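K.L.:
need a structure here:
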Amino acid sequence: MSSDFEAYEQDFGTLTAEITNKIGRIPKLGGEEKTQLVLNVDKQLEEVRELMEQMDLEVRELPIQSRGMYQSRLKSYKGEMDKLEKDFKRSRIAYSDEVRNELLGEDAGSSESQRAHLLDNTEKLERSSRRLDAGYQIAVETAALTTGDIFRSTSKREILNKGREKDGASTAAWHR
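P.N.:
Have a look, this model is predicted:
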């Protein structure tokens, strides 16, 4: 089974090398050729996503003893995939800036750096949102657990108070 995973790894390496090469060429091309290359890279990225899904399925079918090693390799590939997608977005931004510069002239100058900065900030915002969601989930779970503890404590307190009342009543009756 690990031979299937290794075959997927080779395919992953080949595809990512091709994609990296094409991403580097996107800003240098123009017109229809550039558009076709962007579409081609988009298709190849989809192939890599599907390949990673296959790799993930292979890892899940492995025995637990050897699963950890393959999971860490897969995690590394996912990181590489994220970097490729980020680079592709940036190359597309550069592509759209060049088209706009052709149409509007040089007035649209520093837009590429602004877009890259905006993209970075958007990614930071998404990460922060995920952290906030995780924190909220922990708070909800903690509140649920605490409510259960308080309910149990209240029930125990009521039982103890009833026991004291009965004990007090029986002690008072005994002293009479």
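K.L.:
Please count neighbours and contacts with C-alpha atoms only from this point.
P.N.:
Noted.
K.L.:
any idea which helix is longest in the chain?
P.N.:
Criterion DSSP state H: the longest helix present in the chain is helix 111-175.
K.L.:
which helices and strands sit right next to that one?
P.N.:
Under the contact definition 3 or more Cα pairs under 8 Å, 6 or more residues apart in numbering; DSSP states H and E, helix 111-175 sits against helix 64-104.
K.L.:
quick one: the helix it packs on to chain centroid distance?
P.N.:
Helix 64-104 sits 13 Å away from the centroid of its parent chain (Cα atoms, centre = their mean, to the nearest Å).
K.L.:
Tell me the helices and strands packed up against that helix.
P.N.:
helix 2-25, helix 31-61, helix 111-175.
K.L.:
This structure - how does it break down into domains?
P.N.:
2-108, 110-176 (automatic domain parsing).
K.L.:
Kindly reformat those domains as TSV containing mean neighbour count and mean pLDDT.
P.N.:
Listed next are these as TSV, based on neighbours: other Cα atoms under 10 Å; pLDDT from 0 to 100:
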stretch	mean neighbour count	mean pLDDT
domain 2-108	15	85
domain 110-176	12	75
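K.L.:
Distance to residue 83 for the helices and strands packed on helix 64-104 - can I get that in CSV?
P.N.:
What follows is the helices and strands packed on helix 64-104, written out as CSV (distance: least, Cα to Cα, whole Å):
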stretch, distance to residue 83
helix 2-25, 10
helix 31-61, 12
helix 111-175, 12
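K.L.:
Which among these is found nearest to residue 87?
P.N.:
Set against residue 87 and scored by Cα to Cα, the helices and strands packed on helix 64-104 come closest in helix 2-25, at 7.2 Å.
K.L.:
Done for today, thanks.
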